[in-house]
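Enquirer: Just a sequence and a predicted model for now, questions to come.
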Amino acid sequence: MEVNLIGGLIGGAMIGVASVLMLLLIGRIAGVSGIFGGALFFRAVEDVPWRVAFIVGLILGAVLYRQLWAPLVIEMQVQGPMLVIAGLLVGFGTRLGSGCTSGHGVCGIARRSKRSFTATLIFIAVAMATVFIVRHVVS
Amino acid sequence: MSALLTALITGVVFSLGLCVSEMINPARVIGFLDVLGRWDSTLLWVMVAATAVTGIGFPLVTRRNKPVLAASFVLPENSEIDARLIVGSVIFGVGWGLAGLCPGPAIAALASVSPSVLLFVVAMGAGQWLASMLER
């Protein structure tokens, strides 16, 4: 695919703005795996509503984009059992490692957290190695 | 109420960002991760722009004593690079590389009402539950 430089920069800035707004207004880190996991397996009930509202917003945003702007292009790369395995690994890994691309990547790096910087380098490197094995070794 | 509305609106803006940058499309993400294929740098530009905004915004925000609509900031305090962080990030990396989906795009992609996306998100929840069992 052609590089989408403009879309990438504008979209990335929007993700950054959303993260700054969340910290400024409600004092939370916009880490999607943590917000999702906390909504499902909460420690305190009063912690659930804002997490659910954020998740509803994530879905609503994509609905608005589709209705007002352009169709959603979502080309799934795996199906069936492999998709389930990938989902399990993403859920398990982000919980164990306390974050994903948003929490460690976008927010943690901005907080100059060594933990987040380390996590981000590891999951990007491992994901690249995984794609290398799947695309260039196995097939 | 205003805190809930804030969470909803930040979710919408975050999601629009994922759509505009096409990070909601796993093919784009795999294109970035496939460094030895036809490398697609889009994800890099997303990260550059996002961390530029948060990198400037976060220090300004945390100068405040408290957030606008809540009693205090809730920030991670653990600063130790431990085995859980490393092993968890490795496991997440494998799953991300297989599907090209991480939690944000996967949840936003539920808007497509695709059964495969739903299956992935349910599996992701199950994976989180399994890991939370280890926390006890």
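Expert: Cool, got the structure. The structure displayed is predicted, hence computed values, not measured ones. Residues are numbered from 1 along each chain as shown, chains lettered A, B, ... in the order given.

Enquirer: So what touches stretch A:34-50?
Expert: The contact list for stretch A:34-50 (C-beta atoms under 8 Å, 6 or more residues apart in numbering or on different chains) reads A:26, A:28, A:51-52, A:54-55, A:91, A:94-95, A:98-99, A:103, B:3-4, B:6-7, B:103, B:107, B:124-125, B:128-129, B:132. Just so you know, the C-beta spots here come from the backbone N, C-alpha and C atoms, and that holds for glycine as well.

Enquirer: mind running it again at 7 Å?
Expert: A:26, A:51-52, A:54-55, A:95, A:99, A:103, B:3-4, B:7, B:103, B:107, B:125, B:128-129, B:132 (C-beta atoms under 7 Å, 6 or more residues apart in numbering or on different chains).

Enquirer: In chain B, what residue lies closest to chain A?
Expert: Nearest to chain A, among the residues of chain B, is B:G11, at 2.0 Å (C-beta to the nearest C-beta).

Enquirer: And the residue nearest the centre of chain B?
Expert: B:G104 (4.5 Å; C-alpha atoms, centre = their mean).

Enquirer: pLDDT score assigned to that residue?
Expert: Note on B:G104: pLDDT of 98.

Enquirer: which SSE is it in?
Expert: When elements are assigned from DSSP states H and E, B:G104 belongs to helix B:103-108.

Enquirer: and the next element down the chain from that helix?
Expert: helix B:115-134.

Enquirer: which outside residues touch that next one?
Expert: A:37, A:40-41, A:74, A:76, A:79, A:83-84, A:86-92, A:95-96, B:99, B:101, B:103, B:106-107, B:109-110.

Enquirer: where does chain B have low pLDDT?
Expert: Residue ranges of chain B with pLDDT under 70: B:1, B:136.

Enquirer: Check whether the helix holding B:G104 comes near chain A.
Expert: Yes. Under the criterion of C-beta under 7 Å from any C-beta of the partner chain, chain A is reached by helix B:103-108 at B:103-104, B:107-108.

Enquirer: before we move on, the earlier item: among the contacts of helix B:115-134, which are in helices?
Expert: A:37, A:40, A:83-84, A:86-92, A:95-96, B:99, B:103, B:106-107 (DSSP state H).

Enquirer: In chain A, what residue lies closest to chain B?
Expert: A:G57 (2.0 Å).

Enquirer: and that residue, what does it touch?
Expert: Counted by C-beta under 7 Å, 6+ apart, A:G57 has contacts B:7-12, B:15.

Enquirer: can you rerun that using 10 Å?
Expert: A:18, A:64, B:5-16, B:107-108 (C-beta atoms under 10 Å, 6 or more residues apart in numbering or on different chains).

Enquirer: Could you do B:T62 as well?
Expert: A:23-24, A:27, A:111, B:73, B:75.

Enquirer: Please point out which parts of stretch A:130-139 sit buried.
Expert: Neighbour counts over stretch A:130-139 (16 or more other C-beta atoms under 10 Å in any protein chain shown) mark A:130-132, A:134-135 as buried.

Enquirer: per-residue confidence averaged over it?
Expert: Mean predicted lDDT for stretch A:130-139 stands at 93.
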